[in-house]
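1. task: produce atomic coordinates for the following.
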Amino acid sequence: MSQVPCYTIINSPDLEVPNEMQLKQDLEKGDTNHKIETLKKVIKLLLNGERYPGLIMTIIRFVLPVQDHTIKKLLLIFWEIVPKTSGDGKLLQEMILVCDAYRKDLQHPNEFLRGSTLRFLCKLKEPELLEPLMPAIRACLDHRHSYVRRNAVLAIFTIYKNFDWLVPDGPELIANFLDTQQDMSCKRNAFLMLLHADQERALNYLASCIDQVHSFGDILQLVIVELIYKVCHANPAERSRFIRCIYNLLNSSSNAVRYESAGTLITLSLAPTAIKAAASCYIELIVKESDNNVKLIVLDRLIAMKENENMEKVMQDLVMDVLRVLAAPDIEVRRKALALAMDLVYSRNIGEMVLVLKKEVAKTHNVEHEDTGKYRQLLVRTLHICSIKFPDVAATVIPVLVEFLSDTNELAAADVLIFIREAIQKFPALSALIIEHLIEAFPQIKSSKIHRAAVWILGEYVEGPQILEVIDAIQQTLGDIPMVEAEQRRLTGDPTDEQNQQQGGASGDGNGSSSTTTTSNAINKVTSDGTYATQSAYSLAPVTKAEKRPPLRQYLMDGDFFIGAALSATLTKLALRYVELQPESSAQNRLTTRVMLIMSSILHLGKSGFPSKPITNDDTDRIFICLRTLSERTEEAVSVFMHYCREALGKMLDAQHDEDLRMLKEKQRATAKVQPDDPVLFAQLSNGRDNQLGENVFESSLNQALAGTKTAQLSDISSPNNKLNKVTQLTGFSDPVYAEAYVNVNQYDIVLDVLIVNQTNDTLQNCTLELATLGDLKLVERPHPVVLAPHDFCNIKANVKVSSTENGIIFGNIVYDTALNTNVIVLNTIHIDIMDYIIPASCTDTEFRQMWQDFEWENKVTVNTSFTDLHEYLRHLLKSTNMKCLTPEKALSGQCGFMAANMYAKSIFGENALANLSIEKPVDDPDSKVTGHIRIRAKSQGMALSLGDKISSSQKQSVQAA
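-> Residues are numbered from 1 along each chain as shown. Below is the predicted model of the structure:
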């Protein structure tokens with residue numbers, strides 16, 4: 001059975017279905033405006049599946065003769081969608097009258113009417129209607145107006161493609177027409193027909209005007225590029241004849257032509273000059289095109305080129321050109337450009353690249369934009385990778401990056417410290433330079449988290465005379481010690497030691513005695529009867545004044561005593577290292593007591609009531625451990641502080657490095673390397689990946705011969721994901737009508753291909769597939785009724801729009817008429833699986849934590865499974881949810897009775913899904929089942945619930961299977 005032709009779809013709200021007699025009266029007796037409104041209503045009703053066979057004659061008699069242009073436009077849509085055949089498949093008699101009306105329109109003096117009628121004829125699939133119109137269509141090729149001529153060419157092209165016997169001399173007719181034309185749109189349509197209908201004539205025309213191609217319009221140039229691509233792949237000997245033409249089109253004024261020419265060039269030739277010309281053309285397009293979507297698409301083409309080893313070597317010299325893309329304001333474009341540049345950069349141009357990145361860093365200072373912080377973070381990471389990949393540039397990068405530590409963007413500053421931590425571990429020669437810059441930047445840091453990490457690095461790597469320098473810097477950012485008495489003096493309004501020192505710097509040495517006096521006055525107060533009273537901090541109400549304090553002191557006053565615990569550990573490491581270096585016991589004791597005073601002062605402040613929150617028990621215990629280590633100096637405790645911390649960092653960096661190498665090997669394994677002694681590649685055994693750089697014409701023609709379609713891959717025919725494995729049975733085998741559906745999930749819509757088989761000996765009239773949806777799905781149009789002969793079958797397609805990542809259900813029934821009555825068969829429900837939208841993705845730990853904090857919808861699923869092995873359960877979960885495990889393999893290895901892992905995936909709509917797995921089982925009982933829970937977080941409620949349902953259903957299946 002032939003498919004119903006595709007037609008224009010007009011969206012309409014729910015209409016109340018009017019009476020057919022009322023519609024007839026409105027069409028017969030109404031004025032022109034009334035007829036227009038009625039005709040619109042009829043079109044919408046027909047699109048919604050209603051049938052009005054009696055209206056056709058009324059419209060022919062009373063509407064078709066009207067010369068109003070609006071009515072004529074609407075009639076073109078009406079005749080496009082109205083059923084033109086009777087129930088037995090024969091053409092309706094009334095259509096002969098319609099055909100005569102359109103023959104007159106093809107001879108109408110108004111060029112718009114002629115052109116729009118010709119466009120309408122392109123959509124007709126009935127040769128009986130087209131045959132009497134052929135002389136009029138041919139005559140339109142000589143019309144004075146280009147609008148009519150170009151639509152006449154399109155009409156002849158479509159008719160020749162569908163019914164070549166109606167216009168057997170079509171290619172010759174159009175070739176002669178092409179030789180005499182000057183209008184570019186007419187030439188384009190004519191050349192397009194020759195390209196598909198008679199390539200030899202198209203090539204002869206191109207050869208005759210190949211030197212004038214650069215002066216043609218862009219629409220014709222695009223068709224010429226398509227012809228060269230097809231001809232050169234079909235006959236490689238023709239490449240030398242046309243490749244110069246492609247080179248010329250790289251300089252076209254049209255961006256679309258340049259893009260297509262560059263893509264064609266690299267499929268025709270892998271010569272270095274061709275690759276360089278195509279890549280340079282792509283880069284120019286990215287720089288000059290304002291649309292961010294275009295920039296991203298062209299960047300993807302460059303990245304696909306880079307995946308080819310031969311092209312990558314040539315593209316390495318274009319790194320500086322790629323960096324020109326950073327002028328774009330969009331963060332995604334910049335991210336892709338930096339990633340591409342990092343993959344291409346090598347030792348010769350790394351210096352130039354670092355200079356460009358330094359300038360970009362300078363540009364971001366004092367610029368207020370929502371993406372500036374993200375861009376600075378991106379630049380920091382890129383410079384980090386540059387320094388680790390090419391250690392020679394690390395010395396020039398470090399001073400630039402250390403400036404970020406005082407940045408208000410905490411993420412960028414955190415990335416700098418991650419880089420410094422790795423660099424100081426991997427490049428010991430640079431440690432002195434790094435420590436020097438870190439001490440300089442230390443007082444300017446504005447974030448507690450950054451200060452904490454900087455303090456750890458200083459405590460771990462500072463040696464020799466810099467120890468005292470670091471302790472001085474820490475004490476300077478803490479302020480007066482003891483801190484409780486300093487805060488007490490602030491409350492009473494007396495100047496602190498800091499303020500006295502500042503005054504001393506202004507007025508000379510005479511302030512020494514006044515400082516002592518002021519301090520004593522702060523402690524001793526004279527009562528009304530003349531006696532002295534002493535005030536302590538505990539008698540003061542802890543109402544702090546909003547005064548500017550040194551940064552570390554401010555963190556402590558805000559109740560962040562974790563920084564105090566980290567500070568204590570650092571001071572302990574510095575003191576222990578100083579004891580090893582300094583032979584004099586008096587100097588050792590002096591520094592140790594100074595450090596212990598700072599720690600005890602932090603403890604005292606935490607319990608004094610001055611800070612907004614008191615010190616926690618954990619932080620108190622940690623500081624006490626540090627004090628005890630300094631006082632007792634047992635060998636085990638000293639070795640923990642002096643050696644184990646650095647060893648742990650080394651192991652973590654090694655694990656990260658191993659993970660990066662593993663990912664790189666997997667990537668390299670995916671790219672095919674052909675060696676001289678490699679075996680022949682058989683298409684049946686290939687992995688079926690699409691080649692982004694161009695089509696393998698030989699393989700695609702073989703596919704077409706064997707599989708019947710050009711797009712099918714040979715490997716897809718036997719793969720487990722082919723159509724046969726995605727068929728849902730809708731009715732039973734014993735039902736009068738058997739139905740099954742193939743659910744094809746595209747990016748934003750679902751196509752249901754439903755096979756309907758008449759298993760009876762009767763003809764089924766008006767066999768209609770009625771569908772409804774549940775969830776975030778929307779049916780685009782109602783399928784048309786069909787007539788099924790005895791034991792006949794047909795395919796009906798239905799489109800369903802999808803707008804978010806949620807599980808959905810499609811249900812419905814089949815209604816059909818027999819000679820006796822109307823029958824209904826209820827269909828099985830079709831469940832749309834969320835897994836069709838979800839793909840594995842990866843992100844950094846920092847990004848994962850940030851998203852976990854931001855996402856508000858959480859779904860907690862209890863583990864209920866028959867699995868007895870933790871690793872097996874994790875693999876089952878990853879397979880059933882399409883998520884990727886972010887926790888490294890090394891962290892999951894071994895058997896300790898429990899497991900915690902983070903998982904991440906993205907949907908095709910750009911939604912993120914996070915999951916945290918916490919499972920356990922007794923180590924001493926090998927037969928016990930895995931228990932625990934999975935927490936899912938997502939931005940939308942539907943995503944979190946649907947993913948939870950998927951996990952629960954996969955668990956039930958595994959339990960039932962067991």
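
2. contacts only, for Thr868.
-> Listed by Cβ atoms under 8 Å, 6 or more residues apart in numbering, the contact partners of Thr868 are Lys921, Pro926, Asp927, Ser928, Lys929, Val930. Heads up, the C-betas are built off the backbone N, CA and C, glycines and all.

3. among the residues you listed, which one sits closest to Trp857?
-> Nearest to Trp857, judged by Cβ to Cβ, of the contacts of Thr868 is Val930 at 25.7 Å.

4. hey, C-alpha coordinates of stretch 465-475 in PDB?
-> Only the C-alpha atoms of stretch 465-475 are listed here, as PDB (Å, rounded to 0.1, in the frame of the first residue of the first chain):
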ATOM      1  CA  PRO A 465      65.300  29.800  56.400                       C
ATOM      2  CA  GLN A 466      61.900  30.200  54.800                       C
ATOM      3  CA  ILE A 467      60.300  28.400  57.900                       C
ATOM      4  CA  LEU A 468      60.500  31.500  60.000                       C
ATOM      5  CA  GLU A 469      59.300  33.700  57.200                       C
ATOM      6  CA  VAL A 470      56.200  31.500  56.800                       C
ATOM      7  CA  ILE A 471      55.500  31.600  60.600                       C
ATOM      8  CA  ASP A 472      55.800  35.400  60.500                       C
ATOM      9  CA  ALA A 473      53.400  35.600  57.600                       C
ATOM     10  CA  ILE A 474      50.900  33.400  59.400                       C
ATOM     11  CA  GLN A 475      51.100  35.400  62.600                       C
END
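
5. what residues of that stretch count as buried?
-> By neighbour count on 16 or more other Cβ atoms under 10 Å, the buried set for stretch 465-475 is Gln466, Ile467, Leu468, Val470, Ile471, Ala473, Ile474, Gln475.

6. what's the answer for stretch 921-928, then?
-> So stretch 921-928, judged by 16+ other Cβ under 10 Å, has buried residues Lys921.

7. same thing with stretch 36-44?
-> Buried residues in stretch 36-44, defined by neighbour count with 16+ other Cβ under 10 Å: Ile36, Thr38, Leu39, Lys40, Lys41, Val42, Ile43.

8. again with stretch 889-906
-> Across stretch 889-906, burial judged by 16+ other Cβ under 10 Å covers Met899, Ala901, Asn902, Met903, Tyr904, Ala905, Lys906.

9. out of these, list just those in strands.
-> Applying DSSP state E to the buried residues of stretch 889-906, the entries found in strands are Met899, Ala901, Asn902, Met903, Tyr904, Ala905, Lys906.

10. let's have the residues you listed in TSV, adding distance to Arg119 and pLDDT.
-> Formatted as TSV, those follow (distance: Cβ to Cβ, whole Å; pLDDT from 0 to 100):
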residue	distance to Arg119	pLDDT
Met899	64	85
Ala901	59	88
Asn902	56	89
Met903	53	89
Tyr904	49	89
Ala905	46	88
Lys906	42	84
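
11. before we move on, the earlier item: turn the buried residues of stretch 465-475 into a markdown table, including pLDDT, distance to Leu417 and secondary structure.
-> Listed next are the buried residues of stretch 465-475 as a markdown table, based on pLDDT from 0 to 100; distance: Cβ to Cβ, whole Å; DSSP: H, G, I helix; E, B strand; the rest coil:
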| residue | pLDDT | distance to Leu417 | secondary structure |
| --- | --- | --- | --- |
| Gln466 | 75 | 18 | helix |
| Ile467 | 77 | 20 | helix |
| Leu468 | 80 | 23 | helix |
| Val470 | 78 | 16 | helix |
| Ile471 | 79 | 20 | helix |
| Ala473 | 79 | 16 | helix |
| Ile474 | 78 | 17 | helix |
| Gln475 | 77 | 22 | helix |
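
12. among these, find me the one that's closest to Glu856.
-> Nearest to Glu856 among the buried residues of stretch 465-475, with distances taken as Cβ to Cβ, is Ile474, at 39.4 Å.

13. dump the residue contacts of the closest one.
-> Counting by Cβ under 8 Å, 6+ apart, Ile474 touches Phe442, Val455, Leu552, Leu567, Thr570, Leu571, Ile598.

14. what do you get for Arg421?
-> Ala453, Ile457, Leu649.

15. roughly how far apart are it and Met903?
-> For Arg421, the distance to Met903 equals 27 Å [Cβ to Cβ, to the nearest Å].

16. Met57: neighbouring residues, count only.
-> 14 (other Cβ atoms under 10 Å).

17. gap between the closest residue to it other than its chain neighbours and Pro53?
-> Excluding its sequence neighbours, the residue lying closest to Met57 (Cβ to Cβ, 6 or more residues apart in numbering) is Glu94, at 5.8 Å. Look at Glu94 and Pro53: by Cβ to Cβ, they are 10 Å apart.

18. Cys767 sits in which helix or strand?
-> Here Cys767 is covered by strand 764-774, with elements defined by DSSP states H and E.

19. and Lys778, by the same measure?
-> strand 777-779.

20. within the sheet, what are the partner strands of that strand, with directions?
-> Paired with strand 777-779 in the same sheet, following DSSP bridges, are strand 793-802 (antiparallel).

21. which other residues reach the strand it pairs with?
-> In contact with strand 793-802 (Cβ under 8 Å, 6+ apart) are residues 1, 3, 745, 748-758, 769, 771, 773, 776-781, 783-784, 786, 788, 808, 810, 832, 837.

22. now stretch 922-929
-> Thr865, Ser866, Phe867, Thr868, Gln895, Cys896, Gly897, Lys921.

23. what pLDDT, on average, does it get?
-> For stretch 922-929, mean pLDDT rounds to 78.

24. now find how far off-centre that stretch is within its chain.
-> How far stretch 922-929 lies from its chain's middle: 42 Å, per Cα atoms, centre = their mean, to the nearest Å.

25. stretch 636-648 now?
-> The chain centre lies 43 Å from the centre of stretch 636-648; the measure is Cα atoms, centre = their mean.

26. kindly check the end-to-end length of it for me.
-> End-to-end span of stretch 636-648 (Cα to Cα, to the nearest Å): 16 Å.

27. so Glu781 makes contact with Lys44?
-> No: using Cβ atoms under 8 Å, Glu781 is not in contact with Lys44; the gap is 11.9 Å.

28. heading C-terminal from the helix or strand hosting Met311, find the next helix or strand.
-> Of the helices and strands defined by DSSP H and E, Met311 is found in helix 309-315. Scanning forward in sequence from helix 309-315 by DSSP H and E, the next helix or strand is helix 319-322.

29. and that following helix, which residues are buried?
-> Val319, Asp321, Val322.

30. same question for stretch 586-603.
-> For stretch 586-603, burial by neighbour count (16+ other Cβ under 10 Å) applies to Gln588, Leu591, Thr592, Val595, Met596, Ile598, Met599, Ser600, Ser601, Ile602, Leu603.

31. try stretch 74-86
-> Going by neighbour count (16+ other Cβ under 10 Å), the buried part of stretch 74-86 is Leu74, Leu75, Leu76, Ile77, Phe78, Trp79, Glu80, Ile81, Val82, Lys84.

32. in TSV, list these along with pLDDT and distance to Val333.
-> Listed next are those as TSV, based on pLDDT from 0 to 100; distance: Cβ to Cβ, whole Å:
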residue	pLDDT	distance to Val333
Leu74	85	45
Leu75	84	48
Leu76	83	43
Ile77	84	41
Phe78	84	47
Trp79	81	47
Glu80	81	42
Ile81	80	43
Val82	81	48
Lys84	76	50
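
33. those in helices, which ones?
-> Cross-referencing those against helices under DSSP state H gives Leu74, Leu75, Leu76, Ile77, Phe78, Trp79, Glu80, Ile81.

34. from those residues, pick the one nearest Leu917.
-> Checking these against Leu917 with Cβ to Cβ, the nearest one is Ile81 at 53.6 Å.

35. give me phi/psi at Arg577?
-> Arg577 adopts backbone torsions of phi -70, psi -40, taken as degrees, to the nearest 10.

36. among the contacts of Ile474, which one lies nearest to His214?
-> Nearest to His214 among these, with distances taken as Cβ to Cβ, is Phe442, at 62.6 Å.

37. what about the closest one, neighbour count?
-> Applying other Cβ under 10 Å, we find 22 residues neighbouring Phe442.

38. can you tell me how far the closest residue to Glu856 other than its chain neighbours is from Thr881?
-> Spatial nearest neighbour of Glu856, excluding adjacent residues (Cβ to Cβ, 6+ apart): Lys939 at 7.5 Å. Distance from Lys939 to Thr881, counting by Cβ to Cβ: 17 Å.
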